[in-house]
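Peer 1: need a structure here:
(2 chains)
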Amino acid sequence: MRVLFMGTPDLAAECLRAVYEKEGVEVIGAVTQTDKPKGRGMKMIAPPVKVFAEEHGIPVWQPQTLKDGAFEETLKELDPDLIIVVAYGKILPPYVLEYPKYGCVNAHGSLLPKYRGAAPIQRAIIEGETVTGITSMYMDDGIDTGDMILKLECPITDEDNFGTLHDKLAVLAGEAMCMTIDRMNDGTITREKQPDDGANYAAKITKEDSVIDFTKSPREVFNQIRGLSPMPYAMTRTPDGKLLKFTSAEVPGAEESDAEPGTVLSVDGGKIKIACGGGVLNVTGVVPEGKKPMPAADYIRGRKISAGDLLKYE
RNA sequence: CGCGGGGUAGAGCAGUCUGGUAGCUCGUCGGGCUCAUAACCCGGAGGUCAUGUGGUUCAAAUCCCUUCCCCGCAA
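Peer 2: This is a model prediction of the structure:
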């Protein structure tokens, strides 16, 4: 089967790997976003899918847009039987969706119809979900609204953060795509319309999402911290105005405090105990401004923080 | 050349403005106390202060300059 792969970030690259290594599948090309200037010095960074593809001799296309005729020509030359799309980042016009005889399938990082959109993994953790997964579906002209083919579930534990869950889902996404291809081959593939009930959107993570509101419950802040770790991290500011990001935390038993939310209650035992709405939270890992991630114990040793400090953004 | 912070002992930091024999909290090693301990007490090791036969000086971690590396912000 001639497969054209379209995707951009790490999760897509992992999925591409799975499909690439699958028997009977020929990945005839990879379409990904253009290189973009990123980071300090605005250096050009190649998307992970491009990196993988080039390492394995897969031809790469990085069209600025799919809306003009240029890509349509390419598509006809490639003549794929199936197009797999994973986190590509551009809307596919109808001529692309309709071209392959096996259609365009997509792997999405949630159990649809929940968490459609850009940041399903982070949002699921932030919202305190205990289970999520990968949904394989046929694409239509909406955002993650296509008919569903299969779902693979994945539990979310208290030990999970965005990083660990992302890695698990990346593997599942690869499996989901391989299973989808198998079902196409043996004719057992099915399609199920997404129910309207329970549908919602997982909006892109913005800066506002990473600012911590200590008036929220310890559990909510905990979910925010791990949902944004290791990227971009939940953050606040120290009394001297420096940014302080939290990489990890724990919710201790039922402890209460009537201190103002955001107040550092103690720094004993290598943990920063902070007053939140209706309880306390122990922060165990931080990233000080201009520094690398470090255990809270190290940060405390440098005496950058002490009981009584009020953490507050702005 | 987008803006900014930083590179001092294994870790995290102070000291730099106002040059004058390198310090703190830990870790580590040895000893002590203890039924016991990640607790406590005593003692020790460990640093060319990123780089440069660089500059200034009687004297540079500290002032000036070079190069390299790390990080945050912004996109």
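Peer 1: backbone dihedrals for the nearest residue to residue A:61 once chain neighbours are set aside, please?
Peer 2: In space, and not counting its chain neighbours, residue A:61 is closest to residue A:31: 4.8 Å by CB to CB, 6 or more residues apart in numbering. No exception for glycine: its C-beta is placed from N, CA and C like everyone else's. Phi and psi for residue A:31, reported as degrees, to the nearest 10, are phi -110, psi 130.
Peer 1: can you check the one 5 residues further on too?
Peer 2: The main-chain torsion angles of residue A:36 are listed as degrees, to the nearest 10 and equal phi -130, psi 150.
Peer 1: that one contacts residue A:44, doesn't it?
Peer 2: Yes. Contact status for residue A:36 versus residue A:44: in contact at 7.0 Å, counting by CB atoms under 8 Å.
Peer 1: pull up the pairing partners for the helix or strand encompassing residue A:5, direction included.
Peer 2: Using DSSP states H and E, residue A:5 sits in strand A:2-7. Take DSSP bridges as the rule and strand A:2-7 pairs in its sheet with strand A:26-31 (parallel), strand A:82-86 (parallel).
Peer 1: what mean pLDDT does the last one have?
Peer 2: Strand A:82-86 shows an average pLDDT of 96 in the prediction.
Peer 1: show me what from the stretch 201-314 of chain A comes close to RNA strand B.
Peer 2: Residues of the stretch 201-314 of chain A found near RNA strand B (CB under 7 Å from any atom of the strand) are A:207, A:232, A:235, A:243, A:245, A:287-292, A:294, A:298-299, A:301-304.
Peer 1: can you do 6 Å?
Peer 2: Listed as neighbours of RNA strand B in the stretch 201-314 of chain A under the rule CB under 6 Å from any atom of the strand: A:207, A:232, A:243, A:288-292, A:294, A:298-299, A:301-303.
Peer 1: can you flag which of those residues belong to strands?
Peer 2: A:243, A:288, A:294 (DSSP state E).
Peer 1: of those, grab the buried ones for ChimeraX.
Peer 2: With 16 or more other CB atoms under 10 Å as the burial test, the buried ones among those are selected in ChimeraX as follows:
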select /A:288
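Peer 1: so residue A:76 sits in a helix?
Peer 2: Yes. Assigned with DSSP: H, G, I helix; E, B strand; the rest coil, residue A:76 falls within a helix.
Peer 1: from residue A:69, how far out is it?
Peer 2: 10 Å (CB to CB, to the nearest Å).
Peer 1: residue A:219 now?
Peer 2: In terms of CB to CB, residue A:219 sits 53 Å off from residue A:69.
Peer 1: looking at those two, which one has more neighbours?
Peer 2: Between residue A:219 and residue A:69, counted using other CB atoms under 10 Å, the more crowded position is residue A:219 (15 against 8).
Peer 1: and that one, which helix or strand is it part of?
Peer 2: Under the criterion DSSP H and E, the helix or strand holding residue A:219 is helix A:218-227.
Peer 1: tell me which two in the residues of the stretch 201-314 of chain A next to RNA strand B are the farthest apart.
Peer 2: A:207 and A:301 (29.8 Å; CB to CB).
Peer 1: the two: which has the busier surroundings?
Peer 2: Per other CB under 10 Å, whichever of residue A:207 and residue A:301 has more neighbours is residue A:301, with 12 against 8.
Peer 1: need the helices for the stretch 101-250 of chain A, in chain order.
Peer 2: Using DSSP state H, counting those that start in this stretch, the helices of the stretch 101-250 of chain A run over A:120-126, A:162-186, A:207-210, A:218-227.
Peer 1: residues contacting residue A:114?
Peer 2: A:124, A:198-200 (CB atoms under 8 Å, 6 or more residues apart in numbering).
Peer 1: buried subset of these, written for PyMOL?
Peer 2: A single PyMOL command selects the buried members of the contacts of residue A:114 (16+ other CB under 10 Å):
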select buried, chain A and resi 124
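Peer 1: the contacts of residue A:114: which two are farthest apart?
Peer 2: Most distant of the contacts of residue A:114, by CB to CB, are A:124 and A:199, 14.3 Å apart.
Peer 1: for residue A:105, give its distance to RNA strand B.
Peer 2: 30 Å (CB to the nearest atom of the strand, to the nearest Å).
Peer 1: tell me how many other residues surround that residue.
Peer 2: Close neighbours of residue A:105, defined as other CB under 10 Å, add up to 24.
Peer 1: quick one on the thing from earlier: go through the residues of the stretch 201-314 of chain A next to RNA strand B and name the one nearest residue A:274.
Peer 2: Proximity of those to residue A:274 (CB to CB) peaks at residue A:299, which lies at 13.1 Å.
Peer 1: quick one: the closest one and residue A:284 touch, right?
Peer 2: No. Using CB under 8 Å, residue A:299 makes no contact with residue A:284, being 10.2 Å away.
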